[in-house]
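Asker: Just the structure for this:
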Amino acid sequence: MLGLALHYGIFGVGYIIPATFLPAMAKETIPDPAVFGWAWPLFGLAAAVSCLLVPRLSRGRDDRRIWRGAQALMAVGMLTVAIWHHIAAVILAALLVGGTFMVITQAGMLAARRDAGASASRAAAIMTAAFAAGQILGPLLASWAADWGAGLPQVLAGSAALLALSAWRLGKITTDREGAGHNAIGPQGCSTRKQKEEFPA
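Answerer: Residues are numbered from 1 along each chain as shown. Okay, the predicted model is just below:
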């Protein structure tokens with residue numbers, strides 16, 4: 001639970017930075033407000049479409065895998081706009097970040113609630129608190145980075161790297177958990193599943 005909450009907090013850090021600074025990045029790239037002003041509507045449209053697709057995406061799939069894939073896509077969008085200063089990169093970032101943050105929100109909550117079982121309400125509260133802490137920490141980290149001379153592209157690139165690392169580690173949590181579930185070793189050196197089959201209660 002703590003591991004999931006940590007990664008959910010990192011998602012909050014990584015999400016809030018492009019959500020806060022994407023319009024500023026668009027304005028730096030294209031000064032015409034008739035053009036850069038489309039960054040937010042595209043962001044919102046992608047988020048709305050993703051809400052319609054989430055139930056189909058999650059059907060029969062592991063919540064952590066969905067979370068991991070969506071977070072990797074978010075990182076790609078942020079890295080693209082960090083290294084390619086073009087309106088096309090801004091549009092791509094708006095679509096990838098806007099189209100994944102609701103997916104991650106739902107997949108993360110479902111993963112925590114299913115793992116927590118009877119303590120699902122407590123798990124949801126912990127995840128929500130972690131995300132809120134990440135949203136507070138994100139702008140502070142961006143401000144500290146700016147004090148050290150980092151520009152917006154460097155901040156976005158750093159956030160993308162943090163999200164990518166978190167997505168990779170989230171995959172390790174998934175693998176370790178699945179391995180533990182399928183290869184649990186009993187005191188006699190055999191799997192607990194096999195013991196139950198051979199010696200039913």
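Asker: how about A146, what does it touch?
Answerer: By CB atoms under 8 Å, 6 or more residues apart in numbering, the contact list for A146 reads V155. In short, each C-beta sits where N, CA and C put it, glycine included.
Asker: now with 6 Å?
Answerer: If a contact means CB atoms under 6 Å, 6 or more residues apart in numbering, then A146 has no contacts.
Asker: pretty sure it is in a helix, no?
Answerer: Yes - counting by DSSP: H, G, I helix; E, B strand; the rest coil, A146 falls inside a helix.
Asker: Helices along the chain, start to end?
Answerer: 2-29, 33-36, 39-58, 63-83, 87-98, 101-116, 120-147, 152-182, 192-198 (DSSP state H).
Asker: Show me what counts as buried in the first one.
Answerer: By neighbour count, and taking 16 or more other CB atoms under 10 Å as the criterion, the buried residues in helix 2-29 are 4-19, 21-23, 25-27, 29.
Asker: can you check the fifth one too?
Answerer: For helix 87-98, the buried set under the neighbour-count rule, 16+ other CB under 10 Å, comprises I87, A89, V90, I91, L92, A93, A94, L95, L96, V97, G98.
Asker: What's the per-residue pLDDT of the second one here?
Answerer: pLDDT for A89: 84.
Asker: how about the residue nearest the centre of the chain, what does it touch?
Answerer: Nearest residue to the geometric centre of the chain (CA atoms, centre = their mean): Q71, 3.8 Å. By CB under 6 Å, 6+ apart, the residues touching Q71 are I104, L163, A167.
Asker: Considering those residues, which possesses the most neighbours?
Answerer: Of all the contacts of Q71, L163 has the most neighbours under the rule other CB atoms under 10 Å, reaching 30 neighbours.
Asker: contacting residues around it?
Answerer: Contacts here follow CB under 6 Å, 6+ apart; on that basis L163 touches G14, Q71, M74, A75.
Asker: In space, what's closest to C51 - neighbours in sequence excluded?
Answerer: Nearest non-adjacent residue to C51, counting by CB to CB, 6 or more residues apart in numbering: M102, 5.4 Å away.
Asker: Just to check, the one you found is in contact with A48?
Answerer: No - M102 is beyond contact range of A48, at 8.6 Å (criterion: CB atoms under 6 Å).
Asker: If you count surrounding residues, which of these two has more?
Answerer: M102 (18 against 12).
Asker: Distance check, that one against G138.
Answerer: Distance of M102 to G138, given as CB to CB, to the nearest Å: 18 Å.
Asker: ditto for L52
Answerer: The gap separating L52 from G138 is 27 Å, by CB to CB.
Asker: higher neighbour count, these two?
Answerer: Taking other CB under 10 Å, L52 and G138 do not tie; G138 has more neighbours (25 against 8).
Asker: What's the separation between that one and V13?
Answerer: Taking CB to CB, one finds G138 at 4 Å from V13.
Asker: circling back to that earlier point, name the member of the buried residues of helix 87-98 with the shortest distance to R65.
Answerer: Closest to R65 out of the buried residues of helix 87-98 is L96 (17.8 Å), distances taken as CB to CB.
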